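J.: next one to model:
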Amino acid sequence: MPGAQGKSASKAPCAWWIGALAILPMAIGCPGPSRPVGIKPAPAARSVRDIRVLLGVSRSTVRLRVPGKYTIRTCQGRILTRGAGLPWSIVSGGAGIELGGRQVGDARIEIVPEPGGVVVVSRVTRSGWSVARQYGGDLRLLAQGDGAVKVINVVDVETYVAGVLPGELYPGFSRESFRTQAIAARTYALYEMSTTSRVDYDVTAGEGSQVYEGASDTAVYREACAAVKYTRGMVCTWTSSAGERIFCTFFSSACGGTTQSVSDGKSMHNIPPLAGGVRCDYCRIAKGEAYRWKPRSIRTAELMSRLTERYPEAAKLGRLRDVRVLRRTAGGRARLISLVGETGRTMQLPGENFRLAVGSRVMRSTNCRICLDGDSLVFEDGKGFGHGMGLCQWGMEGQARLGRTAAQILRHYYPQSHLTRAY
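T.: This is a model prediction of the structure:
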């Protein structure tokens, strides 16, 4: 889905000082195809570690193949086997990892294609096997003991960002939008890598982090690769009292006219780049129902089922009797929502938490009117698509069409931020 609908990070937005990466200030603008004027490259030894992307958890519903030469090894580096072309094989796990019904190693293995090679992965859907996607880097398979297997792509950050852009942008977006998104996506990835408490992976491949589609032989992927190469190593930073820091570069499809403060949308403290209140008339160009959307509804029984799945205490409400917006932001978004059940019990949820529980395709933003109509909850007068924090992607495209650079666009949506070369 083009446009992240809601970033899941809930850490303090200024948790990583990237002095260790030898950051260098960058002038506004991106004047050169290989290296912006006045920017010195960081030493080669200062490269960042690979990012670990969770593609999914398999219970005999994922298959893979390797078109070229490959090595299978333990995660400690001990080689288990080598081959020249691995055919489609179902992934399963128990005491060890099985490929196509044959055990190939212990509970933690890596499939390493030859340099420049890929691992191709497909999963089961309701209509059969999904479109096969290609992933550079290594594929790590971790058996979970219950038959499930975590499927993790371990890849360098630049290749990862190139795989993110086709999943987060519309193919028709301008070159400058691709460059802008590349910088925001790289910053977000490095922030997640530096603050995650997860043991096995850094980010997921879906909207909970950034939509990651791997590599492909398409025009949009080639455009993404060009944007990543042009902006290599560039990140967004802000000047805190402790020095220059990166931050969580939230973005969404369309803000609907005004960006939202991170403290209104998440359990996070405000910093200047994420304080919200940025006026944006540029996302009016958005296609479909990204800027304004038609009324949508959900049956209250289905709503309570979704709420209870995320928040078990919601079951105590019984049938839903009323929904009230207790507090709205300065921009008109529902900030705090109260649910009233037939038992007389009430439950309060932050607006963004409620939206994600309802479903981001039903309640497309919290900038709407909510009313109970019989057995359905109705959302009307909706504006925007997504959480509205940070970068507005359709607004980014609107500004790019007016000739503004990536640096100018990023500074507009992340006030008081700078572009910095991290490596």
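J.: for the helix or strand harbouring Ala182, list the C-alpha coordinates in CSV.
T.: With the criterion set as DSSP states H and E, the secondary-structure element containing Ala182 is helix 175-195. Once non-C-alpha atoms are left out, helix 175-195 reads as follows in CSV (Å, rounded to 0.1, in the frame of the first residue of the first chain):
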residue,chain,number,x,y,z
ARG,A,175,12.2,11.9,-9.1
GLU,A,176,12.5,14.4,-6.3
SER,A,177,9.8,12.7,-4.3
PHE,A,178,11.7,9.4,-4.6
ARG,A,179,14.9,11.2,-3.3
THR,A,180,12.9,12.8,-0.5
GLN,A,181,11.4,9.4,0.5
ALA,A,182,14.8,7.7,0.3
ILE,A,183,16.2,10.0,2.9
ALA,A,184,13.2,9.7,5.2
ALA,A,185,13.1,5.9,4.8
ARG,A,186,16.8,5.6,5.5
THR,A,187,16.6,7.7,8.6
TYR,A,188,13.6,5.7,9.9
ALA,A,189,15.5,2.4,9.3
LEU,A,190,18.6,3.6,11.2
TYR,A,191,16.5,4.9,14.0
GLU,A,192,14.7,1.6,14.3
MET,A,193,18.1,-0.3,14.2
SER,A,194,19.5,1.9,17.0
THR,A,195,16.5,1.7,19.4
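J.: how far out from the middle of the chain is the longest strand anywhere in the chain?
T.: Among the segments of the chain that qualify as a strand by DSSP state E, the longest is strand 79-93. Average the C-alpha atoms of strand 79-93, do the same for its chain, and the two points are 29 Å apart (Cα atoms, centre = their mean, to the nearest Å).
J.: same question, stretch 117-137
T.: Here the centre of mass of C-alpha atoms in stretch 117-137, compared against the chain's by Cα atoms, centre = their mean, lies 19 Å away.
J.: repeat that for stretch 54-61.
T.: Averaging C-alpha positions (Cα atoms, centre = their mean) puts stretch 54-61 18 Å from its chain's average.
J.: what comes up buried for that stretch?
T.: Judged by neighbour count using 16 or more other Cβ atoms under 10 Å, the buried positions of stretch 54-61 are Leu54, Leu55, Gly56, Ser58, Thr61. To be clear about C-beta, it is placed using only N, CA and C from the backbone, and glycine gets the same treatment.
J.: next, the angle strand 79-93 makes with the helix or strand encompassing Arg65.
T.: When elements are assigned from DSSP H and E, Arg65 belongs to strand 62-74. Calculated by axes from the mean of the first three to the mean of the last three Cα atoms, to 10 degrees, strand 62-74 forms an angle of 150 degrees with strand 79-93.
J.: can you report how many residues neighbour the nearest residue to Arg108 once chain neighbours are set aside?
T.: Ranked by Cβ to Cβ, 6 or more residues apart in numbering and with sequence neighbours excluded, the top spatial neighbour of Arg108 is Cys75, at 4.4 Å. Burial of Cys75 is recorded as 17 neighbouring residues (other Cβ atoms under 10 Å).
J.: same thing with Arg133?
T.: By the criterion of other Cβ under 10 Å, Arg133 has 20 neighbours.
J.: what's the answer for the one 10 residues further on, then?
T.: For Ala143, the tally of surrounding residues (other Cβ under 10 Å) stands at 23.
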